[in-house]
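In: I would like to see how this sequence folds:
(chains A and B)
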Amino acid sequence: MISILRALWTVFMHLFKRKVTVLYPEERPYIPPRWRGRIILSRDPDGGERCVACYLCAVACPVDCISLQATEDEYGRRYPEFFRINFSRCIFCGYCEEACPTYAIQLTNDFEMSEFNRQNLVYEKADLLISGTGKYPGYNFYKVAGLSIKGKDKGEGEEDLPPVDVKGLMP
Amino acid sequence: MGETLKYLLIIFGVLTVMMSIAAGLIWVERRLLGFWQDRYGPNRVGPMGVLQPLADVIKILAKEDWIPPFADKPVFILAPAIIVITVLLAFAIIPFTPGIAVANLNIGVLYFLAMSSLGVYSVALAGWSSANKYSLIGALRASAQMISYEVFMGLSLMGVVMLAGSFNLYEIVEAQRKLWFIVPQFLGFVVFLIAGVAETHRLPFDLPEAESELVAGFHSEYSGMKFGLFFVGEYLGITLISMLITTFFFGGWLGPFLPPVVWFFIKTFFFIGFFILLRAALPRPRYDQLIRLGWKLMLPLALLNIVATGGIILAAR
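Out: The predicted structure follows:
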């Protein structure tokens, strides 16, 4: 009997307690910088696409929501002909970001992606590609990779040594 | 002519006010439950969410009103109407103020008890016609609960009737001019309150519904506005019981300074709030505990109350 009355009183006093609800659209919760939200494709500092269409993200994706087609431009740089992420399937696990060898695919801290039409959740390359470098400024894959493309031969990269003459006898 | 018009106005007024209160209670209950659980509750539709019932009604009217093929159709359709009709009929005897009441019955208390007993047909028939085991169990529980709690609900009011010397609700209120009956009839008040909670199937006595055991109890098979009617019936029941507690034990419209009708609604809403607080705070007892509480504790208490009140009245004479 006493316990019932005490329960009533305790619950009643909760009227004056601070509410735990965050009134979302007006009041923003803190989003940590490493939040795994909407996926973007970044560019290198020179404005070129970072993605080299290696398919590793599509392979790593546990729900198969990434699809792309590789192609090559006149400089010999690989890039995706199309790059499509179906966000109605995406589980925001971040494996694509971990798999990416060129820092191209990145997860941002934006999560407000509601749509009335399910089809609108399929993002094409135009929707994914941003004009900046995202989380990794200064990184340019083709400048540090040993790959030769038009305008940059082997050994001309930023940290490259001249290529070794494999037929030479000198150590 | 003038007299008839006045009564028609009162009837429509009471009907409108009761239906609006029942609709508004949907919002009030969800808001209060939210506050008591450290949440806000619905606060988006309209200022502070007051238009939430409107949105709910639009939703519930737009839903498919499905009648299961295995159900007993006429009874299935009739059942939700019964509860709303009986509860609305019971409002006829409530004296809101000295001038405003639909009927000034000299057997008001008995009329209320009769109407609230008829309400059980709604639940029992709903469970029976659904041809669903959970609904049936819910209906059986409702019937058993109603039978056990109806007994001492009536008995608990007899102390009030003895003190006032009348079954008429006007005279019961008038008899409280000097002292509200809550003081001499505290035991009767407690018993009536508990019986009232059981009568309206509200938590903690909502065993006929018991979501955690019986899906939704007697209205498992109901959808659309038929389900809505059960809801309206429940909220009307809360309002009715709160108004009766006010009338029987808290002096009805009596009170200083403010107009009588304001006093009446202040007291009523206090008890409506208390009903919601009960729901927020208390867990549901087991079924045998509920029945045992009814027959072994509440009934003797009610009888004791009658004997003591009667004895004191006789001794004072």
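In: quick check, residue A:44 in contact with residue A:132.
Out: No. Contact between residue A:44 and residue A:132 fails when scored by C-beta atoms under 8 Å: they sit 10.1 Å apart. In short, each C-beta sits where N, CA and C put it, glycine included.
In: the more surrounded of these two?
Out: residue A:44 (20 against 11; other C-beta atoms under 10 Å in any protein chain shown).
In: what helices and strands are in contact with the least confident helix or strand in chain B by mean pLDDT?
Out: Ranked by mean pLDDT, DSSP states H and E, the helix or strand of chain B with the weakest confidence is helix B:211-214, at a mean of 76. With contacts taken as 3 or more C-beta pairs under 8 Å, 6 or more residues apart in numbering or on different chains; DSSP states H and E, helix B:211-214 sits against helix B:133-164.
In: list of residues touching whichever helix or strand comes after the helix it packs on?
Out: Downstream of helix B:133-164, the next assigned helix or strand under DSSP states H and E is helix B:169-174. Residues outside helix B:169-174 that contact it (C-beta atoms under 8 Å, 6 or more residues apart in numbering or on different chains) are B:93-95, B:98, B:101, B:104-105, B:108-109, B:160-161, B:164-166, B:181, B:247-248, B:251-254.
In: if we go to 7 Å?
Out: For helix B:169-174, contacts defined as C-beta atoms under 7 Å, 6 or more residues apart in numbering or on different chains pick out B:93, B:95, B:104, B:108, B:160, B:164, B:166, B:247-248, B:251-254.
In: likewise for stretch A:64-75?
Out: By C-beta under 7 Å, 6+ apart, the residues outside stretch A:64-75 that reach it are A:53, A:55, A:57-58, A:78-86, A:89-90, A:96, A:149-151.
In: name the residues of the helix or strand hosting residue B:289 that are buried.
Out: In this structure, residue B:289 is located in helix B:287-292 according to DSSP H and E. By neighbour count on 16 or more other C-beta atoms under 10 Å in any protein chain shown, the buried set for helix B:287-292 is B:287, B:290, B:291.
In: over to stretch B:61-75?
Out: Under the neighbour-count criterion of 16+ other C-beta under 10 Å, stretch B:61-75 has B:67, B:68, B:71, B:72 buried.
In: tell me the gap between it and the middle of its chain.
Out: The gap between where stretch B:61-75 is centred and where its chain is centred comes out at 26 Å by C-alpha atoms, centre = their mean, to the nearest Å.
In: what mean pLDDT does that stretch get?
Out: Stretch B:61-75 shows an average pLDDT of 86 in the prediction.
In: endpoint to endpoint, it covers what distance?
Out: With C-alpha to C-alpha, to the nearest Å as the measure, stretch B:61-75 spans 21 Å from end to end.
In: got a list of contacts for it?
Out: Contacts for stretch B:61-75 (C-beta under 7 Å, 6+ apart): B:76, B:125, B:129, B:130, B:131, B:221, B:223, B:224, B:225, B:226.
In: quick revisit: what subset of the contacts of helix B:169-174 is buried?
Out: Neighbour counting with 16+ other C-beta under 10 Å marks B:93, B:95, B:108, B:160, B:164, B:166, B:247, B:248, B:251, B:252, B:253, B:254 as buried within the contacts of helix B:169-174.
In: OK, contacts around the nearest residue to residue B:215 once chain neighbours are set aside?
Out: Distances taken as C-beta to C-beta, 6 or more residues apart in numbering or on different chains place residue B:134 nearest to residue B:215, at 4.9 Å, with adjacent residues excluded. Residues near residue B:134 by C-beta under 7 Å, 6+ apart: B:214, B:215, B:217, B:220.
In: again, but for residue A:162
Out: Counted by C-beta under 7 Å, 6+ apart, residue A:162 has contacts residue A:155.
In: SS state for it?
Out: Secondary structure, DSSP: H, G, I helix; E, B strand; the rest coil: residue A:162 is coil.
In: how close does it get to residue B:290?
Out: 91 Å (C-beta to C-beta, to the nearest Å).
In: over to residue A:152?
Out: According to C-beta to C-beta, residue A:152 and residue B:290 sit 83 Å apart.
In: same thing with residue A:66?
Out: From residue A:66 to residue B:290 the distance is 57 Å (C-beta to C-beta).
In: cool, residue B:27 as well?
Out: In terms of C-beta to C-beta, residue B:27 sits 29 Å off from residue B:290.
In: residue A:92 now?
Out: 48 Å.
In: which residue sits closest to residue 35, ignoring its sequence neighbours?
Out: No chain in the question, so chain A it is. Leaving aside its sequence neighbours, residue A:35 sits nearest to residue A:109 (C-beta to C-beta, 6+ apart; 3.8 Å).
In: the intended chain is chain B.
Out: Distances taken as C-beta to C-beta, 6+ apart place residue A:15 nearest to residue B:35, at 5.1 Å, with adjacent residues excluded.
In: which pLDDT value belongs to the one you found?
Out: Note on residue A:15: pLDDT of 85.
In: in three-state terms, label it for me.
Out: With three-state DSSP as the basis, residue A:15 sits in helix.
In: verify the stated contact: it with residue B:36.
Out: Yes. In this structure residue A:15 lies within contact range of residue B:36 using C-beta atoms under 7 Å: 6.3 Å.
In: please say which of the two ends up with more neighbours.
Out: Taking neighbours as other C-beta under 10 Å, residue A:15 and residue B:36 compare with residue B:36 leading, 21 against 12.
In: quick check: that one vs residue A:7, distance?
Out: Taking C-beta to C-beta, one finds residue B:36 at 11 Å from residue A:7.
In: next: residue B:229.
Out: Residue B:229 sits 32 Å away from residue A:7, taking C-beta to C-beta as the criterion.
In: between the two, which is the more surrounded one?
Out: Using other C-beta under 10 Å as the criterion, residue B:229 and residue A:7 rank with residue B:229 on top: 21 against 16.
In: what residues does the stretch 151-300 of chain B have near chain A?
Out: Contact residues (C-beta under 7 Å from any C-beta of the partner chain) of the stretch 151-300 of chain B with chain A: B:277, B:280, B:281, B:282.
In: quick check: of these, which lies closest to residue B:55?
Out: Nearest to residue B:55 among those: residue B:280, at 22.9 Å, using C-beta to C-beta.
In: isn't that closest one up against residue A:11?
Out: Yes. Residue B:280 lies in contact with residue A:11 (C-beta under 7 Å); the separation is 5.1 Å.
In: what residues are shared contacts of those two?
Out: Shared contacts of residue B:280 and residue A:11, counting by C-beta under 7 Å, 6+ apart, come down to residue B:36.
In: and the longest strand for chain A?
Out: Ranked by residue count under DSSP state E, the longest strand found in chain A is strand A:78-86.
In: if I pick the most centrally placed residue in chain A, what's in contact with it?
Out: Chain A has residue A:106 as the residue nearest its centroid, 1.6 Å off, counting by C-alpha atoms, centre = their mean. Contacts for residue A:106 (C-beta under 7 Å, 6+ apart) come out as A:40, A:42, A:97, A:134, A:135.
In: in helices, which of these appear?
Out: residue A:97 (DSSP state H).
In: among the contacts of residue A:106, name the buried ones.
Out: Neighbour-count burial (16+ other C-beta under 10 Å) is assigned, among the contacts of residue A:106, to A:40, A:42, A:97, A:134.
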